[in-house]
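**Q** predicted model follows, preceded by the sequence.
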Amino acid sequence: MFEKNVDMTNQTEQNRHALNKCSRGSSKCGCREKTVIEKQVISVPKKNSYEDIRPQLSIKEACEILKIDLPSLDNSDSYDLLDLNKLRSVATSSWAIREDSIAVLKNYGSGVTIDCAVKHNAGMIIGDYQYRNTGAYSVMYPAGKWYRCIDIYTKLCEGIRLKYKTPVIAVTGNAGKTTTKDLLSSIFIREKNTLCVDKNYNTWYSVGEIIQNLTTEHEMYIQEVHEPHAEYCSRMLHPDFVILTNLERAHIDEMGASIESCINMTLGILKDMNKDGIIFANNDCKYLSKEKFDGYNVIRYSAYSNECDFWAEGIENYYEYTKFTIKSKKGHSVDIKLNISGTHNVNNAVAAFAVAVTLGIDPKDAVNAMSLYRPSGVRQNLIKKDDRFILVDCYSTTVLSSIATGEAFSKVPVSDGGRKIIVLSYLPTLGSESESVHRDVGRGISKLPVDLVLAYRNDAKYIVEECQKAGKEAVFFQYHKDLIEFLNKNLTNLDNVAFKGVTYSHLEQVANACLGLNIIPENSIEKDRPHNGGDF
């Protein structure tokens with residue numbers, strides 16, 4: 001699989017072996033045409049995970065995958081109109097279901113319910129019961145086994161994935177995975193027909209939707225993975241290459257309170273990885289640096305350590321960009337100007353470079369592609385407006401990313417008489433560790449040269465408490481309206497302001513309201529759904 005459209009001239013024998021092996025586990029598959037494609041933009045990232053869902057699986061194939069008998073008639077003549085061999089899409093989310101879909105019922109959240117399946121004329125319905133008179137083939141989960149919709153959906157999407165020989169790069173970790181995925185995508189879309197998305201669609205159900213975008217024309221598939229769902233995503237993807245960006249206490253409601261449980265769940269991405277593939281591990285993460293990854297090929301990268309396979313030297317951080325040199329043990333030495341600030345982004349760029357050159361991309365082409373990458377919208381978006389700078393980074397948040405954003409923001413020049421003000425949201429899904437983690441953020445932020453810290457919602461109050469202990473001016477707000485009112489009364493035209501928060505906090509809408517911006521205006525606070533105690 002991997003030899004197709006890859007120039008292998010400079011690969012080591014080990015990587016040559018890994019790149020020649022088909023994801024189905026055979027190095028003797030018939031997919032070894034050697035060609036070299038022209039360097040051009042072949043494809044662009046999809047906007048949504050469900051944008052181009054394609055019919056990929058028949059009812060007959062679905063039953064074979066699940067090891068269940070073909071469903072029997074339920075006295076409905078409509079069964080005679082259905083074709084067991086017709087290809088259909090697979091859906092477990094209400095937004096992804098299509099006419100004639102195979103519907104895997106998920107009767108909670110935004111899942112497909114029986115009413116939703118019937119409304120969309122599903123061709124097959126899989127659930128806890130065999131529903132009658134629906135106009136669809138209806139089957140129960142396999143008898144005698146404990147199954148959930150996630151297990152069924154995972155199996156079906158795995159069956160779709162295994163129809164293709166497209167190599168898969170999976171990117172996971174508690175911080176940096178979206179930026180790393182975007183940098184990597186910016187390289188590969190100029191080299192190969194690449195499937196990726198421009199957002200963080202990374203849960204088990206959205207990964208299944210993206211898999212259904214695959215075609216025989218795709219030569220690379222880059223997938224971000226939500227770490228609590230890593231094991232299920234591994235079953236679906238059978239990744240050939242895995243990037244591990246970082247590990248820390250995050251998503252504790254889903255992953256358990258201990259760092260050990262967070263590590264174990266994140267490393268679930270390796271469960272169904274191609275054993276001849278390669279792990280790219282961030283050696284700057286103290287937990288990943290200790291992992292041996294026995295039985296796997298491992299390439300380690302760092303923002304500064306020349307003891308790794310790839311690293312950076314001569315880092316110069318500016319408020320609008322970062323300059324550095326990427327080096328490797330194989331003798332690479334390439335200068336890059338990255339249009340985002342912060343050493344944490346140096347780390348992400350080194351990871352993307354390591355993967356690209358290992359897979360045969362010319363080093364200069366890799367850095368040139370990354371140099372063209374510019375964040376926008378709610379991600380690391382630095383805006384110059386009149387005499388002030390506004391930083392909007394409202395995509396996700398962890399301890400590491402909150403402090404890293406604060407460090408980058410503190411380097412942005414401020415006009416005479418202006419202040420540096422940072423607005424932080426709560427960190428979600430932390431369970432019993434929430435107070436501790438928020439206090440860690442507060443202690444980190446309190447050490448930075450910012451003049452005022454504002455914190456929004458719930459346990460973000462502990463960020464404020466820690467800042468106030470350190471003598472930093474800080475104010476807590478429980479509601480958007482109070483935060484907006486405060487900013488409108490106290491901001492001057494010379495103040496720099498940074499907004500850093502989780503997506504659900506919608507701090508970008510606060511920025512819109514107070515500073516006259518127009519960042520994703522359709523995501524209005526009023527129209528969004530409540531999450532973790534939000535007031536919208």
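**A** Noted; the coordinates are in hand.
**Q** neighbours around the nearest residue to Ala470 once chain neighbours are set aside, how many?
**A** Of all residues not flanking Ala470 in the chain, Ser446 sits nearest, at 3.6 Å (Cβ to Cβ, 6 or more residues apart in numbering). (C-beta placed from N, C-alpha, C; glycine too.) Neighbours of Ser446 under the rule other Cβ atoms under 10 Å: 19.
**Q** hang on, Ser446 packs against Glu465?
**A** No: using Cβ atoms under 8 Å, Ser446 is not in contact with Glu465, being 10.1 Å away.
**Q** now for the two: what residues contact both?
**A** Both Ser446 and Glu465 lack any common contact, where contact means Cβ atoms under 8 Å, 6 or more residues apart in numbering.
**Q** so where is the stretch 401-536 of the chain shaky, pLDDT-wise?
**A** Regions of the stretch 401-536 of the chain meeting the criterion pLDDT under 70 cover residues 521-536.
**Q** quick one: buried residues of stretch 120-136?
**A** Neighbour-count burial for stretch 120-136, counted by 16 or more other Cβ atoms under 10 Å, picks out 120-127, 131, 134-136.
**Q** take these and keep only those in helices.
**A** Counting by DSSP state H, none of the members of those fall within helices.
**Q** got CSV for these, with pLDDT and distance to Leu183 too?
**A** Below are these laid out as CSV (pLDDT from 0 to 100; distance: Cβ to Cβ, whole Å):
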residue, pLDDT, distance to Leu183
His120, 94, 37
Asn121, 93, 42
Ala122, 94, 39
Gly123, 93, 40
Met124, 93, 40
Ile125, 93, 41
Ile126, 92, 38
Gly127, 89, 41
Tyr131, 88, 46
Thr134, 87, 46
Gly135, 84, 47
Ala136, 88, 43
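**Q** Lys46: which of those residues is nearest?
**A** Proximity of these to Lys46 (Cβ to Cβ) peaks at His120, which lies at 21.6 Å.
**Q** hmm, back to that, angles on the backbone of the residue nearest to Ala470, please.
**A** As for Ser446, its main-chain torsions (degrees, to the nearest 10) stand at phi -60, psi -20.
**Q** relative to Ala175, how far out is it?
**A** To Ala175, Ser446 is 20 Å away according to Cβ to Cβ, to the nearest Å.
**Q** could you give the mean pLDDT of stretch 211-227?
**A** On average, the pLDDT along stretch 211-227 is 94.
**Q** need the distance between the two termini of it.
**A** 18 Å (Cα to Cα, to the nearest Å).
**Q** buried residues in it, which are they?
**A** Buried residues in stretch 211-227, counted by 16+ other Cβ under 10 Å: 211-214, 218-227.
**Q** count of residues packed around Ser333?
**A** Considering only other Cβ under 10 Å, Ser333 is surrounded by 10 other residues.
**Q** which ones are touching it?
**A** Contacts for Ser333 (Cβ under 8 Å, 6+ apart) come out as 325-327.
**Q** out of these, who's nearest Gln478?
**A** Each of the contacts of Ser333 was scored against Gln478 by Cβ to Cβ, and Ile326 proved nearest at 44.7 Å.
**Q** look at that closest one and tell me its secondary structure.
**A** Of the three states, Ile326 takes strand under DSSP: H, G, I helix; E, B strand; the rest coil.
**Q** average pLDDT across the longest helix along the chain?
**A** Identified as the longest helix of the chain according to DSSP H is helix 343-358. For helix 343-358, mean pLDDT rounds to 94.
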